[in-house]
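Student: let me see the structure of the following:
(one chain, ligands or ions: 1)
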Amino acid sequence: MKIDIITVVPELLSSPFSHSILKRATEKNLLSINIINLRDYTTYARAQVDDYPFGGGAGMVLMPEPLVNAIESLKKLTEYDEVIYLTPDGKSFNQQMANRLSLKNNLLLICGHYKGIDQRVRDHFITTEISIGDYVLSGGELAAAVLTDAIGRLIPGVLNDESSALSDSFQDQLLAPPVYTRPEVFRAWSVPPVLMSGNHQLIEEWRYEESVKRTKERRPDLLQ
Ligand code: ADE
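Tutor: You can find the predicted model right below:
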């Protein structure tokens with residue numbers, strides 16, 4: 001899979017993909033992430049990419065021309081399955097969307113900044129608008145990093161058996177059960193004995209019950 005990300009702050013995206021699971025995914029050539037600087041596509045003086053909103057009001061808006069130049073140049077090289085704009089008024093991102101997007105070949109992510117992007121770009125070039133939560137970030141970059149991480153780790157072959165996605169929270173509408181590791185007793189707090197029993201069926205039953213209990217307590221909405 002290829003994920004191309006258009007941003008005015010490429011520096012914000014230099015590190016999140018260079019470690020751990022996503023690093024392994026890119027090293028294994030299962031994922032390629034390209035950061036595209038919007039300023040490379042502007043024809044305005046001093047690499048301007050934004051301007052004041054028509055009608056007045058606070059903040060700046062990313063102008064259509066540099067964005068469309070960037071999108072159209074990239075589209076000449078790659079056929080995108082989805083062109084995604086990260087925005088707080090988009091559809092709420094969840095594990096199901098991550099699962100669905102992890103099966104695509106090529107994604108183009110667009111990060112807004114300041115007050116967002118000109119509506120005409122949204123109307124004519126964006127196929128999906130996604131929010132990572134009901135709060136406003138200063139730009140779409142951290143949201144793009146969240147999406148890329150959540151999607152990238154699900155690409156077949158990226159996770160090893162040890163960190164399999166099947167036992168993640170949300171995969172079956174349940175939160176994940178508690179986990180423990182060595183030592184068996186730490187400051188007089190013991191690991192639940194069932195986990196030391198060696199009985200895999202009992203362990204799976206215990207994990208399922210704990211998942212249901214935790215979901216009922218913390219996220220009853222998931223069980224509906
Ligand atoms: N850009 C700013 N805030 C955002 C959010 N919550 N989700 C996605 N993109 C954003």
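Student: pLDDT value on Ser18, please?
Tutor: On the pLDDT scale, Ser18 is placed at 94.
Student: wait, I meant Ser163
Tutor: Predicted confidence (pLDDT) for Ser163: 62.
Student: state the helix or strand in which the residue nearest the centre of the chain lies.
Tutor: Closest residue to the average C-alpha location of the chain: Leu147 at 1.0 Å, with CA atoms, centre = their mean. Using DSSP states H and E, Leu147 sits in helix 141-152.
Student: what of Glu205?
Tutor: helix 200-218.
Student: which other helices and strands contact that helix?
Tutor: Using 3 or more CB pairs under 8 Å, 6 or more residues apart in numbering; DSSP states H and E, no helix or strand is in contact with helix 200-218. (Each C-beta comes from the backbone N, C-alpha and C, glycine too.)
Student: can you tell me the closest non-neighbouring residue to Phe17?
Tutor: Nearest non-adjacent residue to Phe17, counting by CB to CB, 6 or more residues apart in numbering: Ile33, 5.0 Å away.
Student: secondary structure class for the one you found?
Tutor: Secondary structure for Ile33, judged by DSSP: H, G, I helix; E, B strand; the rest coil, is strand.
Student: okay, it: pLDDT?
Tutor: So, for Ile33, pLDDT stands at 98.
Student: related to what we said a few turns ago, for the helix holding Leu147, what is the average pLDDT?
Tutor: The model assigns helix 141-152 a mean pLDDT of 98.
Student: CA atoms only: put that helix into CSV for me.
Tutor: What follows is helix 141-152, C-alpha atoms only, in CSV (Å, rounded to 0.1, in the frame of the first residue of the first chain):
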residue,chain,number,x,y,z
GLU,A,141,-1.1,16.3,10.3
LEU,A,142,-1.5,14.5,13.6
ALA,A,143,-4.9,13.1,12.4
ALA,A,144,-3.1,11.9,9.2
ALA,A,145,-0.5,10.2,11.4
VAL,A,146,-3.2,8.5,13.5
LEU,A,147,-5.0,7.2,10.3
THR,A,148,-1.7,6.0,8.8
ASP,A,149,-0.7,4.2,12.0
ALA,A,150,-4.1,2.6,12.5
ILE,A,151,-4.3,1.5,8.8
GLY,A,152,-0.7,0.6,8.3
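Student: ok, and what's touching it?
Tutor: If you take CB atoms under 8 Å, 6 or more residues apart in numbering as the criterion, helix 141-152 is touched by 1, 3, 5, 7, 9, 12-13, 16-17, 21-22, 25, 31, 33, 84, 86, 93, 95, 98, 101-102, 107, 109, 111, 130-132, 137, 158.
Student: near the ligand at all, it?
Tutor: Yes - contact of helix 141-152 with the ligand (CB under 6 Å from any ligand atom) involves Ala143.
Student: just checking: what are the partner strands of the longest strand seen in the chain?
Tutor: Scanning the chain for the strand with the most residues, using DSSP state E, yields strand 82-92. Strand pairing for strand 82-92, using DSSP bridges, gives strand 106-111 (parallel), strand 128-131 (parallel).
Student: about what we covered before: of all the residues in the helix holding Glu205, which ones are buried?
Tutor: Within helix 200-218, the residues that count as buried by 16 or more other CB atoms under 10 Å are Ile203, Trp206, Arg207, Glu210, Ser211, Arg214, Thr215.
Student: relative to helix 141-152, how tilted is the helix or strand of the chain with the lowest mean pLDDT?
Tutor: The helix or strand of the chain with the poorest confidence is helix 20-27; it has a mean of 94 (mean pLDDT, DSSP states H and E). Between the axes of helix 20-27 and helix 141-152, defined by axes from the mean of the first three to the mean of the last three CA atoms, to 10 degrees, the angle is 70 degrees.
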